[in-house]
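*Asks:* Quick one: sequence and predicted model below, then my questions.
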Amino acid sequence: MRLAVIAIGRLKQGPERELSDRYRGRFDDIGRKQGFRGLDIHEIPESRARDAEQRIREEAAAIVALVPEGAILVALDEKGKNIDSATFAGHLGRWRDESVANTVFAVGGADGLSPELRRKARLSVAFGAATWPHQIVRVMLLEQIYRAATILAGHPYHRG
């Protein structure tokens, strides 16, 4: 199964980019051994539309354009489920074992994801009740993807 993160906004050079690159690299090493064919990251520029609804629509269209046919869509959304790392790993492992070709994680911009994208998502995940900057959410997501691979491998990184 191939994984992809589609995120609104770019990570500039700095600690968020460094952490993002670190977890992606770690995943690449262990993920292949666990049957994952890679992890792509697509950055979409933030919409410049004046009103929030239009920005959300434009960003959603750009996200949808990158989602392969038949892919499982996972929305990172403040209204999503708070799941633990083992449950997250369980979803990825089950989809991998069911021979799902692609799983795509969508990270919205400052205005969030469109209701349409939320409805299309097989799973909607929140990282707690707090509101997080989308750059931090991306780093947290990449860490959880790496952690999921270590859980599936029985690696000691996860001691939960």
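*Replies:* All right, it came through fine. Residues are numbered from 1 along each chain as shown.

*Asks:* hey, let's count contacts and neighbours off CA atoms from now on
*Replies:* OK.

*Asks:* could you check the distance from the residue nearest the centre of the chain over to residue 19?
*Replies:* Geometric centre of the chain, nearest residue: residue 105, 3.2 Å, by Cα atoms, centre = their mean. Residue 105 sits 18 Å away from residue 19, going by Cα to Cα, to the nearest Å.

*Asks:* Where does the residue nearest to the centre of the chain sit: helix, strand or coil?
*Replies:* Per DSSP: H, G, I helix; E, B strand; the rest coil, the local secondary structure of residue 105 is strand.

*Asks:* which SS class is the residue of the chain positioned farthest from its centre?
*Replies:* Here the chain reaches farthest from its C-alpha mean at residue 50, the gap being 26.6 Å by Cα atoms, centre = their mean. Assigned with three-state DSSP, residue 50 falls in the coil class.

*Asks:* May I ask which helix or strand encompasses residue 140?
*Replies:* Counting by DSSP states H and E, the element that carries residue 140 is helix 134-153.

*Asks:* Ok, residue 78 next?
*Replies:* strand 72-81.

*Asks:* helices or strands up against the next helix or strand after that strand?
*Replies:* Using DSSP H and E, the helix or strand that directly follows strand 72-81 along the chain is helix 85-97. Where contact means 3 or more Cα pairs under 8 Å, 6 or more residues apart in numbering; DSSP states H and E, helix 85-97 is packed against helix 134-153.

*Asks:* list the buried ones in the helix it packs on?
*Replies:* For helix 134-153, a neighbour-count test (16 or more other Cα atoms under 10 Å) marks 134-135, 137-152 as buried.

*Asks:* roughly how far apart are residue 71 and residue 80?
*Replies:* 19 Å.

*Asks:* cool, residue 132 as well?
*Replies:* Residue 132 sits 13 Å away from residue 80, going by Cα to Cα.

*Asks:* nearest residue to residue 108 other than its sequence neighbours?
*Replies:* In space, and not counting its chain neighbours, residue 108 is closest to residue 8: 5.4 Å by Cα to Cα, 6 or more residues apart in numbering.

*Asks:* Tell me what the one you found is bridged to.
*Replies:* Taking DSSP bridges, one obtains residue 44 as the residues bridged to residue 8.

*Asks:* From what I see, it and residue 58 are in contact.
*Replies:* No - look at residue 8 against residue 58 with Cα atoms under 8 Å: they stay out of range, at 10.7 Å.
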